[in-house]
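Colleague: Make a model of this:
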Amino acid sequence: MDVALIVRVSRFFAEAAWVTVEISVLALALGLCVGFAAALAKVSDRAVLSLPARVYVSVFRGTPALIQLFIIYFGGPQIGLQLEPFAAGVLGLGLNIGAYMTESIRGAIVAVERGQSEAARCLGLGHLQAMRKVILPQAARLMIRPLGVNSIALIKGSALVSAISVVELTYTAHRFISSTYRPFEMFMLSAAFYLLIISAASHLIRTLDARFALRT
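Modeller: As a prediction, this is how the structure comes out:
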């Protein structure tokens with residue numbers, strides 16, 4: 001193992017790791033917004049809301065994330081969607097993970113005892129008010145772990161954006177392999193940064209889970 005080479009290129013991998021964090025955080029934020037909206041639509045009694053949500057989840061869970069990225073980045077210009085690689089990566093990863101978060105959020109919502117919703121209706125609360133004031137606060141505790149698993153999967157899956165030329169960890173590893181011909185060192189260094197990011201995310205998730213547990 002060429003330790004001197006690893007030390008020399010570490011700063012470039014650190015910069016790439018920050019890009020991985022940025023794209024993961026932004027995609028996570030988008031996924032949460034889409035996931036909440038789609039989950040609320042799926043539990044609705046109105047077909048005009050639930051049907052599009054079911055189609056969205058089926059499409060994005062039933063097709064490879066890499067293909068989704070290719071459609072958005074390479075196919076987007078044909079329909080007037082011209083995005084830079086970073087923006088295309090955030091949109092693609094966000095919509096993909098949002099489909100999985102939809103099911104996690106929906107599962108937490110339906111896990112809340114049905115009597116809670118009926119009690120809220122008896123108090124005169126409308127559907128949205130009951131959801132906001134009664135159901136979602138109770139469902140939040142049940143969402144933490146599944147959403148945490150999805151978040152970790154998102155960070156790992158962010159490596160896919162290297163295929164559309166986003167200069168993150170995997171792309172940086174390939175770039176240095178082409179000039180140094182040292183794949184072992186480059187991929188090991190990339191893996192080390194991924195492990196660092198995922199360990200930090202896992203710690204944050206455990207902390208949030210513990211705090212929610214104390215409130216229940």
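Colleague: Report pLDDT for the closest residue to residue 32 other than its chain neighbours.
Modeller: In space, and not counting its chain neighbours, residue 32 is closest to residue 101: 6.3 Å by C-beta to C-beta, 6 or more residues apart in numbering. C-beta: built from backbone N, CA, C; applies to glycine. On the pLDDT scale, residue 101 is placed at 94.
Colleague: list the contacts for residue 101?
Modeller: Applying C-beta atoms under 8 Å, 6 or more residues apart in numbering to residue 101 gives the contacts 31-32, 34-36, 39, 147, 150.
Colleague: Please report the distance of it from residue 152.
Modeller: Plainly put, residue 101 is 13 Å away from residue 152 if you go by C-beta to C-beta, to the nearest Å.
Colleague: same question, residue 34
Modeller: Per C-beta to C-beta, residue 34 is found 18 Å from residue 152.
Colleague: Give me the more crowded residue out of these two.
Modeller: Per other C-beta atoms under 10 Å, whichever of residue 34 and residue 152 has more neighbours is residue 34, with 21 against 16.
Colleague: What residues sit buried inside the strand or helix carrying the more buried one?
Modeller: Using DSSP states H and E, the element containing residue 34 is helix 3-42. Using 16 or more other C-beta atoms under 10 Å as the test for burial, helix 3-42 gives 6, 9, 13, 16-17, 19-21, 23-24, 26-28, 30-32, 34-42.
Colleague: ok, now stretch 64-84?
Modeller: By 16+ other C-beta under 10 Å, the buried positions in stretch 64-84 come out as 65, 68-73, 76, 83.
Colleague: Show the contacting residues for residue 65.
Modeller: Contacts of residue 65 (C-beta under 8 Å, 6+ apart): 92-93, 96, 157, 160.
Colleague: switch to 6 Å and redo it
Modeller: By C-beta atoms under 6 Å, 6 or more residues apart in numbering, residue 65 lies in contact with 96, 157, 160.
Colleague: Among those residues, name the ones in strands.
Modeller: Of the contacts of residue 65, none are assigned to strands by DSSP state E.
Colleague: Specify which member of those is nearest to residue 205.
Modeller: For the contacts of residue 65, the residue nearest residue 205 by C-beta to C-beta is residue 157; the value is 16.5 Å.
Colleague: where's the spatially closest residue to residue 140 that is not a sequence neighbour relative to residue 71, distance?
Modeller: In space, and not counting its chain neighbours, residue 140 is closest to residue 212: 6.6 Å by C-beta to C-beta, 6+ apart. Using C-beta to C-beta, residue 212 is found at 37 Å from residue 71.
Colleague: what does residue 154 give?
Modeller: 19 Å.
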